[in-house]
Structures are given as structure tokens and as C-alpha cells.
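Participant: Okay, predicted coordinates and the sequence, questions at the end:
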Amino acid sequence: MSKYGDDYVYLVLPGRYECDSRRKMSLRTFHGFTDPRTEEGQLLWEERFGEKEMATLEKGLGPYGTAGQIQQRPAPREGAMIPLDKFQRYKTMPPQETWLRLSISFDTALKETELHAYSVGEVWVETSAGLFLLYVWRKKARYPELKRVAKLICDEWQPNEILIEDKSSGSVLIQDLREERKYPVKAIEPGLMDKIMRMEVEASAIEAGYCWLPENADVEVHSGVALHKCTWLTEFESECIDFPNSEYKDQIDPMSQYLKTVRLRRQKYIPLVSPVVDSLSRESHWVDSESLSISSGIGLNLF
């Protein structure tokens with residue numbers, strides 16, 4: 001619940017109460033009202049819409065209809081295309097000696113002067129246990145600031161590869177960073193698919209439990225130069241939950257761009273078991289598909 005200007009209040013009263021800090025825009029309206037419910041799933045108006053009536057409505061509306069009309073959110077709480085509950089969670093970042101490759105994936109605003117869109121940089125590290133998102137930078141920035149910050153992030157994290165979509169301001173950033181002759185820039189062709197279709201293709205990596213997020217915003221990660229708390233986590237999770245109906249999709253595109261890069265790089269491998277793991281020390285379970293094809297003729301993608 002929050003106040004917009006002097007005349008309006010954005011009031012969220014879901015049919016079933018959600019104990020979710022991501023939705024608590026403020027504790028009370030300027031009139032002093034606050035939602036009195038405290039228990040997860042508690043009904044808004046039980047005398048009129050009890051459990052039986054609510055279940056009937058939810059069945060008829062389906063997940064998206066229930067989310068929009070009853071829960072007042074753009075997508076189901078558990079996420080639609082991106083299943084938030086399928087992300088593994090880390091309490092501490094993986095030790096640097098376990099890193100196989102560190103990548104930074106950028107999504108830039110369409111035009112140098114476009115300020116209503118965000119530019120985003122995501123730092124991912126690949127280990128035998130999976131893919132860990134360590135850091136997210138997100139800001140509405142004009143190109144000069146985007147270039148400056150991109151260089152700072154790359155200098156701090158020293159990535160093995162820098163993924164940038166080769167269009168609009170991204171093409172300019174690729175050219176400028178390459179002129180520095182010290183950044184491992186990889187231009188990514190976006191192809192014909194839009195942001196939604198690109199994420200839909202790569203969502204199986206998340207569903208398989210191969211992707212890791214910090215357990216909470218207080219988790220600390222160290223770049224080797226500076227210590228960071230994962231204060232970006234709440235906004236990232238919210239965008240995942242509401243996607244593809246989220247207002248912004250700028251944090252999703254660099255994730256799908258990174259997942260595609262990993263998938264294509266390792267598509268000659270096939271998993272013998274699910275990549276879900278419970279220890280960072282567990283060895284990888286990938287074998288070369290060429291050796292497997294001698295006996296079976298089978299070849300599959302990474303995810």
C-alpha cells in the first residue's frame with residue numbers, strides 16, 4: 001500500500017493473505033489503515049467468500065486469473081515461466097578454486113538517450129555444482145555512465161567472458177570495450193525471438209535445479225576487490241515471479257543470454273544424473289556425448 005502523489009493510494013488486499021515482504025510497499029495508508037491479517041492464506045472476507053467459495057473461484061479462473069483478480073498480482077506467486085522455487089540457494093558464495101568460468105552478462109537500454117529502460121549487468125560463476133548468480137547491477141543510465149560502470153564491473157570481477165547483445169547501445173559498448181584490448185567481449189546475436197521466447201527456451205536449466213541464488217539479501221559475496229551484500233535479490237526475485245507480465249524484463253534477458261551461452265558451449269555433453277546437488281565439492285556428472293554415441297547413438301543438449 002503506497003501513496004501516489006496527493007490524491008491516490010495503491011491498496012493491495014489479496015483474497016488470501018501473503019506473508020511476503022516483497023509485496024509490503026508500506027505498512028499502512030496515509031489514512032492509518034493496515035491489513036489486519038497476519039497468517040499465511042488467511043481469507044480477506046471469510047463470511048462472504050469462505051474456503052469453499054474461494055476454491056470454486058480459483059478453479060474457474062485458473063492460475064493467471066486467480067493471480068490477477070483475487071491476489072492482485074500480474075502472475076502466480078510461485079512464478080509462471082520462471083519457477084522461483086526451483087532455484088537452489090547458497091548461504092556462502094562458492095570458493096574461487098571451484099570456479100570453472102566467471103561471466104558477466106549485460107542487457108543495455110535500446111538507445112543512448114532512453115531513460116525509461118534499465119541497463120543491467122549480471123555476474124555469474126560456473127562450477128561443477130551449477131551456475132551461481134553473484135551480483136546484479138541495474139540502473140537507468142545514459143550511455144556514458146553505462147560504459148563507465150561496465151568497465152568498473154569488469155575490472156573488479158575480472159571475467160573470463162563478457163556477454164553483450166549486439167544491437168543498439170550494446171553494439172556501441174562492444175566496440176568501445178574491444179578498443180580497450182583487455183576485455184574478453186563476446187557479441188551475442190539476439191536472433192528473431194523476443195525476451196519471453198528466449199527465457200522460455202532456457203527455463204529448463206532452472207527447473208533442473210542447476211541455477212543458484214543467494215539465500216537472502218544479507219548473503220555476502222567477494223569479488224576479490226570488494227565485499228558486496230546481495231541487496232539486488234528482492235527486485236530480481238519479483239521480476240522472476242511476475243515474468244512474463246512484469247513491468248520490466250531487463251534482469252531476465254541477461255540471465256537467458258547467459259544460460260543460452262552455457263547451453264551452447266556444453267551441448268556436446270549429456271547429464272547422466274540430474275544436476276541438482278547438495279554440495280559444492282561434488283564432482284560434475286557430464287560425459288562426452290561422442291563417446292556415449294558409440295554404444296547408444298544418443299546426443300542431447302545440456303539442459
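Facilitator: Perfect, I can see it now. Residues are numbered from 1 along each chain as shown.
Participant: okay, CA-based contacts and neighbour counts for the rest of this
Facilitator: Will do.
Participant: all strands for the stretch 101-250 of the chain, in order.
Facilitator: Assigned strands in the stretch 101-250 of the chain, in chain order: 101-107, 119-127, 130-139, 161-165, 185-188, 211-214, 220-222, 227-229 (criterion: DSSP state E, counting those that start in this stretch).
Participant: As JSON lines, those with mean pLDDT would be great.
Facilitator: Conversion of these to JSON lines gives the following (pLDDT from 0 to 100):
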{"stretch": "strand 101-107", "mean pLDDT": "97"}
{"stretch": "strand 119-127", "mean pLDDT": "97"}
{"stretch": "strand 130-139", "mean pLDDT": "97"}
{"stretch": "strand 161-165", "mean pLDDT": "96"}
{"stretch": "strand 185-188", "mean pLDDT": "96"}
{"stretch": "strand 211-214", "mean pLDDT": "98"}
{"stretch": "strand 220-222", "mean pLDDT": "96"}
{"stretch": "strand 227-229", "mean pLDDT": "96"}
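Participant: mind checking which of the ones you listed is nearest residue 253?
Facilitator: Comparison of these against residue 253 by C-alpha to C-alpha identifies strand 101-107 as nearest, at 6.6 Å.
Participant: buried stuff in the closest one?
Facilitator: 102, 103, 104, 105, 106, 107 (16 or more other C-alpha atoms under 10 Å).
Participant: Equivalent analysis for stretch 126-145, please.
Facilitator: Across stretch 126-145, burial judged by 16+ other C-alpha under 10 Å covers 126-143.
Participant: Closest one to residue 161 out of the buried residues of strand 101-107, please.
Facilitator: Of all those, residue 161 sits closest to residue 103, with 5.0 Å by C-alpha to C-alpha.
Participant: OK, contacts around that closest one?
Facilitator: Neighbouring residues of residue 103 by C-alpha atoms under 8 Å, 6 or more residues apart in numbering: 123, 124, 125, 159, 160, 161, 162, 163, 258.
Participant: cutoff 6 Å now
Facilitator: By C-alpha atoms under 6 Å, 6 or more residues apart in numbering, the residues touching residue 103 are 123, 124, 159, 160, 161, 162.
Participant: where along this protein do the helices fall?
Facilitator: In the chain, the helices defined using DSSP state H lie at 51-65, 143-157, 169-180, 195-207, 233-242, 252-265, 289-293.
Participant: Just the buried residues out of the contacts of residue 103, in ChimeraX syntax.
Facilitator: A single ChimeraX command selects the buried members of these (16+ other C-alpha under 10 Å):
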select :123,124,159,161,162
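Participant: Tabulate the contacts of residue 103 (a markdown table), appending distance to residue 262.
Facilitator: A markdown table is the format used below for the contacts of residue 103 (distance: C-alpha to C-alpha, whole Å):
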| residue | distance to residue 262 |
| --- | --- |
| 123 | 14 |
| 124 | 11 |
| 159 | 15 |
| 160 | 13 |
| 161 | 11 |
| 162 | 13 |
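Participant: wait, which of the contacts of residue 103 is closest to residue 224?
Facilitator: Distances from residue 224 to the contacts of residue 103, taken by C-alpha to C-alpha, are shortest for residue 159, at 11.7 Å.
Participant: Surely that closest one touches residue 99?
Facilitator: No: between residue 159 and residue 99 there is no contact under C-alpha atoms under 6 Å: 11.1 Å.
Participant: Now do residue 174, the pLDDT please.
Facilitator: pLDDT, residue 174: 96.
Participant: err, residue 9, not the other one
Facilitator: 68.
Participant: Residue 83 too?
Facilitator: We have a pLDDT of 83 for residue 83.
Participant: Report the separation between it and residue 189.
Facilitator: 26 Å (C-alpha to C-alpha, to the nearest Å).
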